[in-house]
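[1] Sequence first, then the predicted structure:
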Amino acid sequence: MDEYQTEEETTFVVDEVSKVIKESVEAAIGGNTYQHSRVNQWTTGVVEQCLSQLSKLGKPFKYIVTCIIMQKNGAGLQTASTCFWDNSTDGSCAVRWENKSMYCIVSVFGLAI
Amino acid sequence: MSELLKDKPQKREKKTVKVPTEASHGVRGKETTGRTKDSMSIVSSIDELGHHEDTRMVVTMENTYQTGPYKRFPVGAVTDILKDVLTNYLQEERYEVEWSQKMTKTICEVTRARVKDLMIPRYKVVVLVHIGQLTGQSMQISSRCLWDKSNDTFATYSFKNSSLFGMATVYGVYFE
């Protein structure tokens, strides 16, 4: 089956994805203060918003979106990831967002089909 | 099995993302900051530690006429690996910034090596490790995936002791 796709469509474009993530995070939780009772729906909101925007890009990719929302308390957090994939087509992007009361880290992994 | 992923899969590591109280952070790469009301967003892209080949062409794979994976991703075995690795590395340890930076990367590498040893063909693997300090703060980690539910899956395990918590997740994505 021939696929007439240009190289741009089959590689992970970091800039585009990071723009999508930034907008999704702002839309979902921008301007809110940390509230334990609402954090569950916020993470769900952020992640689902990201995923729906990414699927609208229409690229032949499978996506994994992870979101961490943490209250600002002076605590430290380390995150690392390592992947076994095809370097020429797959990629990942991480966006760190913060406001006065919380941190939000969103990572997106895109794997080509 | 040469039609699988490249003969030498290159590692792609994401630098650890520190979340300190001051504004600086240790992630290199492109950054743009924008200010809105009382929130600040910092965009950082990954830091590629493996060398990047610009002359590499996108390879089109030949048709394998295979409709599904012959061997599925073993969730139970991978969860056991995660439990084993996290408990061994984090039991009786205290949270320290430098140490935990190295430890997250080490745990990532070790987990990925062990999952690769399981030799599950045609599966791409993504390993995510979080180590955090316990100071009474609250946090939520969630993830969603857009993939093929019948073939792709994940395994996760979290560990806690008196001063830190560690969480590891492995996603297995089938390569069609």
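    Received the coordinates, thanks.

[2] Which residues does stretch A:32-45 contact?
    The contact list for stretch A:32-45 (Cβ atoms under 8 Å, 6 or more residues apart in numbering or on different chains) reads A:28-29, A:67-69, A:71-72, A:99-102, B:138-142, B:144. In this view, the C-beta of every residue, glycine as well, is placed from N, C-alpha and C.

[3] For chain A, which segments count as helices?
    A:7-10, A:14-29, A:36-56 (DSSP state H).

[4] Out of those helices, which one sits most buried?
    Of all the helices of chain A, helix A:14-29 carries the top mean neighbour count, a mean of 20, counting by mean count of other Cβ atoms under 10 Å in any protein chain shown.

[5] tell me the contacts of residue B:176?
    With Cβ under 8 Å, 6+ apart, residue B:176 has these contacts: residue A:113.

[6] what's across from the closest residue to residue B:146 other than its chain neighbours in the sheet?
    Of all residues not flanking residue B:146 in the chain, residue A:63 sits nearest, at 4.4 Å (Cβ to Cβ, 6 or more residues apart in numbering or on different chains). Beta-bridge pairing of residue A:63 under DSSP bridges involves residue A:110, residue B:146.

[7] Tell me how far residue A:63 lies from residue A:52.
    Per Cβ to Cβ, to the nearest Å, residue A:63 is found 11 Å from residue A:52.

[8] Now stretch B:99-119: buried residues?
    B:100-101, B:103-105, B:107-112, B:114-115 (16 or more other Cβ atoms under 10 Å in any protein chain shown).

[9] show me which of the residues you listed neighbour chain A.
    B:100, B:101, B:103, B:104, B:105, B:107, B:108, B:109, B:112, B:115 (Cβ under 8 Å from any Cβ of the partner chain).

[10] In TSV, list the residues you listed along with pLDDT and distance to residue B:157.
    Below are those laid out as TSV (pLDDT from 0 to 100; distance: Cβ to Cβ, whole Å):
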residue	pLDDT	distance to residue B:157
B:100	89	17
B:101	89	21
B:103	88	15
B:104	90	15
B:105	89	18
B:107	91	11
B:108	91	14
B:109	90	17
B:112	90	15
B:115	90	13
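
[11] Cool, thanks, signing off.
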